[in-house]
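In: Prediction below, plus the sequence it came from.
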Amino acid sequence: MLLEVRELETAYGMSQVLFGVSLDINPGEVSTLLGRNGMGKTTTVRSILGLTKAAKGSVAFRGKRIEREPPDRIARMGIALVPEGRQIFPNLSVREHLVAFAENRAGRPDPWTPERVFELFPRLEERQHNQGNQLSGGEQQMLAIGRALVTNPHLLILDEATEGLAPLVREEIWRCLARLRGGGQTILVIDKYVERLVQLADRHTIIERGRVAWRGTSAELDANRSLWHRYLGI
Amino acid sequence: MRILLVALVAAAFPWVMHALGQDFYTSFATRVLIYAMAAASLNLVLGYGGMVSFGHAAFFGAGAYIVAILAAEGITSLWIAWPVAVAGAALAALVIGAISLRTRGVYFIMITLAFAQMMYYVFISLKAYGGDDGLSLPGRSSTGLGVSLSNDFVWYYLVLALLALVLFLLHRLLHARFGRVIEAIRENETRATAIGYPVYRYQLLCFVISGAVAGLAGALIANQTSYAGPTLLHWVQSGTLMIMVILGGVGRFWGGPIGAAVLLVLEEVFSASPLLGPYALHWQLPVGLILLAVVLFAPQGLAGALAKRSQ
Amino acid sequence: MSGILFLEQTLNSLQFGLMLFLLAAGLTLVFGIMDMINLAHGSLYMIGAYLMATLAEATGSFWVALPLALVATALVGAALEVSLLRRLYERDHLTQVLATFAVILIANEVVRMIWGNQSLMLNPPAGLTGPVTLPGGMQYASYRLLIIGVGAAVAVCLYLLVTRTRMGMLVRAGASNREMAVAMGVNIRRLFTIVFALGAALCALAGAMLGPILAVQVGMGENILILAFVVIVIGGIGSIRGAFVGALLVGLVDTMGRALLPIAFAKLFSPPVASNLGPSVSSILIYVLMAAVLFLRPQGLFPARG
Amino acid sequence: MLSLKGLSKRFGGVVAVDRVTLEVRAGEVHGLIGPNGAGKTTLIHQVSGSLPADTGEILFEDRDITRLAAHQRVRGGLARSYQVTSLFRRFSVLDNLALAVQARSGSSFSFWRPVAAERALFDEARDIAARINLKRVDVPAASLSHGEQRALEVGLALATRPKLLLLDEPMAGMGPEESKRMIDLVRRVRETVTLLLVEHDMDAVFRLADRISVMVNGRLIATGAPEAIRRNDEVRKAYLGDELAA
């Protein structure tokens, strides 16, 4: 087991958002967190990364408990985030985004480097000397993924990575994820294009009001369209 | 009830000191009352309005300088000099506030600080009015009523009455519509705008009122010491007023007066105490340590601590 | 106005601006990364100057004392950060202002207790006490030229550090979006202690270089601190480039104002008016500059965020 | 009643709102939907005056309000609620509402008369509290439950007596019970006030709205009756997932 989340409870001030979320991720698999907006997907991710401290529950990463660790140490242990809203540094150039965080945290034999990211997204190479705040939304998204990749994480987490993108750019992101999957990268995806995720991912977890409402394989999710309507509003 | 008690003590204070042969302390108490007024005026913008003004000494010093300059030009009448001091400080607050309130957060802190320094250097460069050395007054302002303010008893009661009046007016203001809006803006500026308040105008007026009161306190301090000097406008003076407010309690009605009293008494104790021997010179050290302790461990200030105890 | 005067004042502006930059650089990073107002920055400048004066006396050499003073002040800065300032990052600006104001009071008294009330003497390094003749025949104090040289060299190093090194990238990332930097694995606490110590060393450098020109005395940090704040507010909080441009601008406006305005006013107004107006206008010029910049660009010239 | 003409907003390289032209008719509930990041909230910010428009104009009751300050728009009858609850947290519920009532009744540049003595303000505040079903009116706003805070959020906007109310995701983060109550509240409000409703809860939007506009990538791709929107291919493709249409 790469990541084991048990009975996570998290609150922002007075309002509790997570009421006991559990989640398992096996090495090499692609899993998803699904659910409507405001149901606690992003909070789950933030709690795993230590960006929001969980009040209760445990998180184990590669066999080590991390729920009390500071977020930067968790990141260095090999979890990388492509955050909601992309969070590109406006005052760093494209190349700097990649160079600054380049590191082989998972000790891969063929690590991601800035150059390999440029092969993956040629658009970024063209714009490598532009500042973060001069990029279009799609370019920012590619850069956010590239920035996470160069840390060579054990686990890559993408939070709404296709949000607000034009269909063509969205396709490019899907293709990229499929390629990463082929390379054996463990990935946790939050997104709402279920049809696409059923093809791409192995296992799914649906979150509803801070609790796990359903979990299962792609085949099971594909077969059960009432789930789609009930929990995902499709 | 408590207010009556405070009023009684304040009214009796000079007589008791006189009976004890310690008239010096009446003069000291007058200074406390004046700083209480200045601190209360800062608390209006800082505590109630949520505007962290780091340049309040500008208005305090302006009030003092205006009285001193008018005296140097031969105008010593209280009825002219003091209103002009108040109006001058209010005008300075209007100009400084109008520009500063366009900014927020640290920029507001810094720009108010910069404006105060600007006034500081303006007065320093006025060679005709003392420059670096400041300006001495021939005496206290004349009332034209046959009462001389050079009598420390009379002076004490006049300052006490003015402080009481100012505090009363501030109390009314804070509980009237205007005060509610000011506090609402501090709580949530975005929402205050969204329900239809022109935030900028309210903040500016609050800033001006506060500056005017500080100007009055400045006019009084110039009379108290018969002197107006550039240190009154220095940024360290602004910092001292902030210390008073935070010691007493930010946004607590009695925060300003309590803080002024506590800080000045501490200063007096530490700088004159025979216990400290040669270290009495270094009175800022214990004051700094106490301030640090209050800021870190009692952010509600003394008025906050008192309120908690009485609950 | 003669060309020589103009050249001399330009060099003075440069010298003043570069020293301001040394102070402002540390301040703006502290401000930008941790969103922390540190009034005690001026105290580090004072402490640096005192340590320099003492060490120069003890070692008998300016050049031996300088690195020692820088390291010692950096340690003082790191100690201050670890023991106190860390507790203030999450607090509001008012709390930070007052707590660091308290540090000023404490630092001033401690310096007085150790070194007394008299100001200390710090001599320029041997061989740099006299003037030199510049191309064009102008005489200029050699020590002031040294200050310009050192200031420019440090500015270049700092520029390279911030723009070319990985640490510089991480510092900039932290200044624009701290949480994202943390999520990428940056140990912001350690990075910040390093930045703080570096800022303290730059303070000490400014204190050491200016010591022979200005008096080394208690309270020397207070006024220059405000100028440093003016610089970073003009430049945009958190931006090294902004601090550099802001510092040169403030140095230029202040020095030129003081040198040229009285001359201009003497031509425009009667002598009594001019002699009063000249100094007051020139002394507030930089504050007018700051108000104007904030009025037009409330985030400063080179905002680090957004 | 409200008409937007070619409204745009850029942030750096990202076009958040792209030449949006939209008409809200008097008396209707106009739903505005679209995926996250489509620019809906940015559009609301522009209409309410908290963000300036790069280009385009905003007409409210045939008056050009593009350059008016936010508070002036509120006074003219254009109020809004926030997606992230924005209250005077340390004030009581009643004080929150009374402040909003005070904003439009008489001048607040009054320095003498205690507010507490102004019965009319608090009577009206109580009325509004009753309308939005808040029973506990003397507790600080911060101590209310999430659903109650959302109701107060709408109540604050109502207290300004708007003609047009911009509701930014009133159902955000609500449970089913709370959502139901909010839908009831919006139904009652619509009897007197025109609504522009931004909402993620599709069920709610399709039940409440008379007409719906769909925004994708900063652009308005369709406007029409709920049924027409449901059937619109382009909307299905853009909003419900390209795969469904494929």
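Out: Perfect, thanks for sending it.

In: can I assume residue D:112 sits in a strand?
Out: No: under DSSP: H, G, I helix; E, B strand; the rest coil, residue D:112 falls outside any strand and is assigned coil.

In: My read is that it contacts residue B:176, right?
Out: Yes: the pair residue D:112 / residue B:176 is scored as a contact, 5.6 Å apart, by C-beta atoms under 8 Å. In short, each C-beta sits where N, CA and C put it, glycine included.

In: Looking at the two now, which is surrounded by more residues?
Out: Between residue D:112 and residue B:176, counted using other C-beta atoms under 10 Å in any protein chain shown, the more crowded position is residue B:176 (21 against 11).

In: ok, so what distance separates the more buried one from chain C?
Out: Residue B:176 is 26 Å from chain C, where distance means C-beta to the nearest C-beta, to the nearest Å.

In: same thing with residue B:223?
Out: Distance, residue B:223 to chain C, by C-beta to the nearest C-beta: 26 Å.

In: burial measure for the nearest residue to that residue once chain neighbours are set aside, as a count.
Out: Once flanking residues are discounted, residue B:223 sits nearest to residue B:140: 4.6 Å by C-beta to C-beta, 6 or more residues apart in numbering or on different chains. Residue B:140 is flanked by 23 other residues according to other C-beta under 10 Å.

In: helix/strand/coil for residue B:140?
Out: Following three-state DSSP, residue B:140 is assigned to coil.

In: any idea how far residue B:88 is from it?
Out: 19 Å (C-beta to C-beta, to the nearest Å).

In: same deal with residue B:149?
Out: For residue B:149 relative to residue B:88 (C-beta to C-beta), the value is 20 Å.

In: and what of residue A:46?
Out: Distance, residue A:46 to residue B:88, using C-beta to C-beta: 54 Å.

In: Please list all residues in contact with the residue most central in space within chain B.
Out: Here the mean C-alpha position of chain B is nearest to the C-alpha of residue B:38 (C-alpha atoms, centre = their mean), at a distance of 1.1 Å. By C-beta atoms under 8 Å, 6 or more residues apart in numbering or on different chains, the contact list for residue B:38 reads B:56, B:60, B:213-214, B:217-218, B:221, B:241, B:244, B:256, B:260.

In: For the residue positioned nearest the centre of chain D, give me its contacts.
Out: Geometric centre of chain D, nearest residue: residue D:167, 1.9 Å, by C-alpha atoms, centre = their mean. Residues counted as contacts of residue D:167 (C-beta under 8 Å, 6+ apart) are D:80-81, D:154, D:157, D:186, D:195-199.

In: what about it, which helix or strand?
Out: Per DSSP states H and E: residue D:167 is located in strand D:164-168.

In: angle of the helix or strand that that strand is followed by against strand D:164-168?
Out: Remark: after strand D:164-168, the chain's next helix or strand is helix D:176-190, criterion DSSP H and E. Here helix D:176-190 points in a direction 160 degrees away from that of strand D:164-168 (axes from the mean of the first three to the mean of the last three C-alpha atoms, to 10 degrees).

In: and the stretch 201-306 of chain C, which of its residues are near chain B?
Out: Remark: the part of the stretch 201-306 of chain C in contact with chain B comprises C:222, C:226, C:229-230, C:233, C:237, C:275-276, C:279-280, C:283-284, C:287-288, C:290-291, C:294-295, C:298-300, using C-beta under 8 Å from any C-beta of the partner chain.

In: check these against chain A, which are close?
Out: Near chain A, judged by C-beta under 8 Å from any C-beta, there are no entries from those.

In: Which stretches in the chain count as helices?
Out: Because you didn't say which chain, this covers chain A. A:41-49, A:71-78, A:94-101, A:114-120, A:122-126, A:137-149, A:167-182, A:194-200, A:218-223, A:225-232 (DSSP state H).

In: wait, I meant chain C there
Out: Per DSSP H, chain C carries helices over the ranges C:3-34, C:41-59, C:62-83, C:93-115, C:142-164, C:166-176, C:178-183, C:188-210, C:220-235, C:240-268, C:271-296.

In: Distance to chain D, mean pLDDT and mean neighbour count for those - can I get that in TSV?
Out: Below are the helices of chain C laid out as TSV (distance: least, C-beta to the nearest C-beta, whole Å; pLDDT from 0 to 100; neighbours: other C-beta atoms under 10 Å in any protein chain shown):
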stretch	distance to chain D	mean pLDDT	mean neighbour count
helix C:3-34	19	89	23
helix C:41-59	32	95	24
helix C:62-83	33	96	19
helix C:93-115	17	92	21
helix C:142-164	20	92	16
helix C:166-176	13	90	23
helix C:178-183	16	94	21
helix C:188-210	25	94	24
helix C:220-235	21	90	26
helix C:240-268	18	90	20
helix C:271-296	16	82	18
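
In: just to revisit the earlier point, of all the helices of chain A, which one comes closest to chain B?
Out: Closest to chain B of those is helix A:41-49 (C-beta to the nearest C-beta; 23.0 Å).

In: And the contacts of that closest one?
Out: The contact list for helix A:41-49, computed with C-beta under 8 Å, 6+ apart, reads A:3, A:5, A:8, A:10, A:12, A:17-18, A:21, A:23, A:33-35, A:52-54, A:57, A:59, A:67, A:71, A:74-75, A:79, A:81, A:84, A:157, A:159-160, A:188, A:190, A:207, A:210, C:183.

In: count of residues packed around residue 40?
Out: All of this refers to chain A. What residue A:40 shows, counting by other C-beta under 10 Å, is a neighbour count of 25.

In: Please refer instead to chain C.
Out: Per other C-beta under 10 Å, the neighbour tally for residue C:40 reads 25.

In: My guess is it contacts residue C:107. True?
Out: Yes: applying C-beta under 8 Å as the test, residue C:40 and residue C:107 come out as touching, 6.7 Å apart.

In: give me every residue that touches the closest residue to chain D within the stretch 1-150 of chain C.
Out: Taking C-beta to the nearest C-beta, chain D has its nearest neighbour within the stretch 1-150 of chain C at residue C:92, 15.0 Å off. Neighbouring residues of residue C:92 by C-beta under 8 Å, 6+ apart: there are none.

In: Might you list the low-confidence residue ranges for the stretch 201-311 of chain B?
Out: Low-confidence segments of the stretch 201-311 of chain B (pLDDT under 70): B:273-281, B:309-311.

In: One more pass at 90, please.
Out: Where the stretch 201-311 of chain B drops to pLDDT under 90, the residues are B:235-236, B:246-247, B:249-251, B:266-288, B:290-291, B:293-311.

In: who touches the residue of it at minimum distance from chain D in this structure?
Out: Per C-beta to the nearest C-beta, residue B:205 is where the stretch 201-311 of chain B lies closest to chain D, at 7.1 Å. Shown in contact with residue B:205 (C-beta under 8 Å, 6+ apart): B:178, D:109.

In: how about the helices of chain A, which one is nearest residue D:147?
Out: Closest to residue D:147 of those, according to C-beta to C-beta: helix A:41-49, at 18.5 Å.

In: so how far is residue A:216 from the residue lying closest to residue C:196 once chain neighbours are set aside?
Out: Among residues not flanking residue C:196 along the chain, residue C:81 sits closest, at 4.3 Å (C-beta to C-beta, 6+ apart). Remark: distance between residue C:81 and residue A:216 (C-beta to C-beta) = 51 Å.

In: residues contacting the residue in the stretch 51-200 of chain C that chain B sits nearest to?
Out: With C-beta to the nearest C-beta as the measure, residue C:105 is the residue of the stretch 51-200 of chain C nearest to chain B, at 3.3 Å. The neighbourhood of residue C:105, defined by C-beta under 8 Å, 6+ apart, consists of B:284-285, B:287-288, B:291.

In: Out of the residues you listed, name the ones that lie in strands.
Out: Of the contacts of residue C:105, none are assigned to strands by DSSP state E.

In: is it possible to export the helices of chain C to a markdown table including distance to residue B:79?
Out: Converted to a markdown table, the helices of chain C look like this (distance: least, C-beta to C-beta, whole Å):
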| stretch | distance to residue B:79 |
| --- | --- |
| helix C:3-34 | 47 |
| helix C:41-59 | 43 |
| helix C:62-83 | 52 |
| helix C:93-115 | 38 |
| helix C:142-164 | 55 |
| helix C:166-176 | 55 |
| helix C:178-183 | 57 |
| helix C:188-210 | 50 |
| helix C:220-235 | 37 |
| helix C:240-268 | 37 |
| helix C:271-296 | 29 |
